[in-house]
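J.: here's my sequence, what's the structure:
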Amino acid sequence: MLTRKNLEDNFSGLYDLGDGIFRCEDVLLKSTFFYYVMLGRDVGNARDILLLSADEADDDFALFIFHNQPGEIRNSPFDISELPSNKRNFSNLAFVREDCHEYFKGRLDKEREKLTFCFPVHKFEFTGSESREEFSILRKETIPILDWARQPSPKIMLRFDNPRTKSGTGNSDVFVKFELLEREIRNLSGVTNGFIEISNYKGQVVEVLSPSEESFVLIRNRDDNDRQNLRSKELLKVVFDFLTH
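T.: Below you'll find the predicted structure:
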């Protein structure tokens, strides 16, 4: 378990926020990382909780998160709990066990043995059922979880083939940002022998085809009877709603 002295000895700018909660920081060349740590009581199944923000200290929001976490955190690799309404409009709080994140490794190896990393999320960004590999890809490539002011970043799995641009994912689904999905939808315009298949955080699927320039067909849940004809701008709105609701 961590102690106040561990934080004092290994980080700069230690602030006591009360209730066993501390803020400290790492100042790097391009970024400053603010670590918020709630120390656990060294009894029973108590755990230390780490919350982290890049380039922005917000003590009030950090305290809000700590005071609204569940009474008991499950000892599972990943978990999700609901958050009350808040100023940053996050809906949930995600928890990651110490063997699935890297924080404090090489610095406090022994002391981090019960260090759960938590971060605020929108419900459509993480489900809590991700594998360790999926979590690593999502956080590094598509969802900037340390940015508390980020735009909503839905969890998107994409499979596509575009003979015109000679690009695609083969038989694999890949995690992508919405900006890349938007680009591939525009690239599909008029490619009659191409397709895009999109899965959202619920595991629901839509397919996009383009019979002619600027004309698209959206097929829901692989049901050819559930088809919708859309123009490009309309399609992007429908797809974003599908990803976030």
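J.: how about F104, phi and psi?
T.: The phi and psi torsions at F104 (degrees, to the nearest 10) take the values phi 70, psi 0.
J.: look up the closest residue to it, ignoring the ones flanking it.
T.: R112 (4.2 Å; Cβ to Cβ, 6 or more residues apart in numbering). From N, CA and C alone the C-beta is placed, and that goes for glycine too.
J.: give me the pLDDT value at that neighbour.
T.: The score at R112 is 97. That number is its pLDDT.
J.: in three-state terms, label it for me.
T.: When classified by DSSP: H, G, I helix; E, B strand; the rest coil, R112 comes out as helix.
J.: correct me if wrong: it contacts T3.
T.: No: using Cβ atoms under 8 Å, R112 is not in contact with T3, being 11.9 Å away.
J.: so what are the domain limits for this protein?
T.: 4-142, 156-244 (the TED database).
J.: rewinding a little: ok, the residue nearest to F104 - contacts?
T.: R112 makes contact with 2, 48, 98, 103-105 under the criterion Cβ atoms under 8 Å, 6 or more residues apart in numbering.
J.: where does pLDDT dip in the protein?
T.: Across the chain, the ranges flagged by pLDDT under 70 are 41-45.
J.: mind naming the longest helix for it?
T.: Ordering each helix of the chain by length in residues (DSSP state H) puts helix 232-244 first.
J.: other SSEs contacting that one?
T.: Judged by 3 or more Cβ pairs under 8 Å, 6 or more residues apart in numbering; DSSP states H and E, helix 232-244 is in contact with helix 178-188, strand 195-199, strand 205-212, strand 215-220.
J.: and these as a markdown table, adding mean neighbour count?
T.: A markdown table is the format used below for the helices and strands packed on helix 232-244 (neighbours: other Cβ atoms under 10 Å):
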| stretch | mean neighbour count |
| --- | --- |
| helix 178-188 | 17 |
| strand 195-199 | 20 |
| strand 205-212 | 18 |
| strand 215-220 | 18 |
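J.: list the pairing partners of the one helix or strand F119 maps to within its sheet, with orientation.
T.: Taking DSSP states H and E as the criterion, F119 maps to strand 115-121. Strand 115-121 pairs in its sheet with strand 48-54 (parallel), strand 92-96 (antiparallel), by DSSP bridges.
J.: list the beta-bridge partners for the residue of the chain most remote from its centre.
T.: Within the chain, S212 marks the point farthest from the mean C-alpha position, 35.3 Å out by Cα atoms, centre = their mean. S212 has these beta-bridge partners by DSSP bridges: S215.
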